[in-house]
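J.: fold the following, please.
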Amino acid sequence: MKIWVVIFAVLLFSGCGTSVERVDSDSTIDLSGAWNDSDSRLVAQEMIQDVLSRPWITDFTTRSGERPAVIVGTVRNLSHEHINLKTFVADMERELVNSGRVDFVASKDERGEIRDERLDQDLNARDDTRNAAGQELGADFMLTGQINTIIDAEGKQQVRFYQVDLTLISMADNRKVWLGQKKIKKLIKNPSIRY
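T.: Next up is the predicted model:
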């Protein structure tokens, strides 16, 4: 009799353990309906493809003979939920850099660290390997934006609407040269909806 109790207990507790399955990092898995890595990646890809297909880039390269230098400025989260904006900005930066159509300027925080390294090189590196101050590439355009949400819920259903608005602004004269917008709508059916 004791053996059956032990077998039953083992089977009962083994069914309660954590299960982990590795999946492709590009796969779309939406468990809660909240903003997730797939939303970040897909929105960044689509919006950067759009900005790179517009006339501002051809106008600039024709006028200057060079690729435009772009920096990502502030992207604000005005949604109802926590969104990791660093991941979203990194997705956009990757798409811009890998396009080969623009030069990309380091962020304010990154520039501070690089400037500190240059100062250290100025004191400690050999002359033939030292990188001089005052040679940085200035940005021609800044990409800024915001993420907004609208949540509509009734009973055990919820609609989450995300709107991402991005603006590309000329640093020379503050002209808005591109306005991009991406919308995502999710219908969530759950017996325990959270807001």
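
J.: count of residues packed around A90?
T.: 14 (other C-beta atoms under 10 Å). For glycine as for every other residue, the C-beta is placed from the backbone atoms N, C-alpha and C.

J.: verify the assumption that it is located in a helix.
T.: Yes: using DSSP: H, G, I helix; E, B strand; the rest coil, the assignment for A90 is a helix.

J.: tell me the confidence at it?
T.: Reported pLDDT at A90 in the predicted model: 91.

J.: E81 too?
T.: E81 is given a pLDDT of 89.

J.: got phi/psi on it?
T.: Per-residue torsions, E81: phi -130, psi 170 (degrees, to the nearest 10).

J.: one more: V75?
T.: Dihedral angles (degrees, to the nearest 10) for V75: phi -120, psi 120.

J.: OK, contacts around it?
T.: By C-beta atoms under 8 Å, 6 or more residues apart in numbering, the contact list for V75 reads 85, 88-89, 144-147, 166.

J.: nearest to I71, of these?
T.: T144 (9.8 Å; C-beta to C-beta).

J.: which element is the closest one on?
T.: Taking DSSP states H and E as the criterion, T144 maps to strand 141-154.

J.: likewise for K183?
T.: Using DSSP H and E, K183 falls in strand 176-189.

J.: so, low pLDDT: which residues of the protein?
T.: 1-2, 4-17, 20-31, 191-195 (pLDDT under 70).

J.: which parts of it are helices?
T.: Along the chain, the segments classed as helices by DSSP state H run 2-14, 37-52, 55-64, 85-99, 108-124.

J.: of all those, which lies closest to R175?
T.: helix 55-64 (9.0 Å).

J.: sorry, back to before: could you identify which of the helices of the chain is most buried?
T.: helix 37-52 (a mean of 18; mean count of other C-beta atoms under 10 Å).

J.: in the strand holding K183, what counts as buried?
T.: Within strand 176-189, the residues that count as buried by 16 or more other C-beta atoms under 10 Å are 177-178, 180, 182, 184, 188.

J.: check the gap between the residue most central in space within the chain and T167 for me.
T.: Centroid-nearest residue in the chain, with C-alpha atoms, centre = their mean: F88, separated by 1.1 Å. Distance of F88 to T167, computed by C-beta to C-beta, to the nearest Å: 15 Å.
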